[in-house]
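Peer 1: got a sequence here, can you build the structure:
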Amino acid sequence: VQVPVGTSGTGGGFEKFCAGETDIADASRAIEDDERQACQQKGIQFSEFQVANDALTVVVHKDNNWAQCLTVDQLKRIWEPNSKVTNWNQVDPGFPNEPLKLFGPGTDSGTFDYFTDEINGEEGASRTDYSPSEDDNVIVQGVSGSRGGMGYFGFSYFEENASRLKAVQINGGDGCVAPSVQAAQAGTYKPLARPLFIYPSATALKRPEVRAFLDFYVSQNATIAK
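Peer 2: Numbering: from 1, shown residues only. Now for the predicted structure:
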């Protein structure tokens, strides 16, 4: 069986899925109403499986010793549309005079959708004067190469690059909590813990090789997620 695999953001993946171009869509957020409608218009029926929880992680340069914990309000002032925050001392007067350089996912990303919704209060609402990329490794390179850098992505990318980056604790109203597998599962990492999904189409599930893959995925899901 030949299995072509494509990479895009969650939104781009749903566009292809609802156009009938793919059998399974991975997603870092739940499918939205307009995407459901697009699938319905093309006659694409599907199932939804939540397969893991993720801790969307805000990262800074490894030498950043001042931003140990940030509040949701501070993150909002940094990332909201038309933000004028360009220096760390604008985030907190106790922070140093260090230019703030921002890196993050592009607008096609489910991570972008989730972060902007939870932090800025509206999906897609974000300042635009940052360095965007759909490739999280590019964000890693950007933040690790800038002393005043900040970015955000899924927890696994931080785990892989913990020697180059520092994860920021988030205060969602109940005190500072560091991103971790345990905090995401327990629901204490607020508001940036998020569910992850896969969406197989009903037509694809009728094919034995796709059904076998999904059977394997579900039966081995705990190991795969870890």
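Peer 1: now do the SS call for residue 59.
Peer 2: Assigned state for residue 59: strand (three-state reduction, DSSP: H, G, I helix; E, B strand; the rest coil).
Peer 1: I meant residue 89, not that one.
Peer 2: helix.
Peer 1: low-confidence ranges in this protein?
Peer 2: Scanning the chain for pLDDT under 70 picks out no residues.
Peer 1: residue ranges for the helices of it, please.
Peer 2: In the chain, the helices defined using DSSP state H lie at 10-18, 33-41, 72-79, 88-91, 110-115, 136-144, 155-160, 181-186, 202-205, 208-219, 221-225.
Peer 1: who's in contact with the first one?
Peer 2: This means helix 10-18. The contact list for helix 10-18 (C-beta atoms under 8 Å, 6 or more residues apart in numbering) reads 6, 8, 22, 24-29, 31-32, 35, 38-39, 42, 44, 46, 107-111, 113, 199, 201. Backbone N, C-alpha and C define where each C-beta goes, glycine included.
Peer 1: try it again at 6 Å.
Peer 2: 22, 25, 27, 28, 29, 35, 38, 39, 42, 44, 108, 110 (C-beta atoms under 6 Å, 6 or more residues apart in numbering).
Peer 1: mind putting these into a markdown table with distance to residue 152?
Peer 2: Converted to a markdown table, the contacts of helix 10-18 look like this (distance: C-beta to C-beta, whole Å):
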| residue | distance to residue 152 |
| --- | --- |
| 22 | 26 |
| 25 | 22 |
| 27 | 18 |
| 28 | 12 |
| 29 | 14 |
| 35 | 23 |
| 38 | 27 |
| 39 | 29 |
| 42 | 33 |
| 44 | 31 |
| 108 | 15 |
| 110 | 12 |
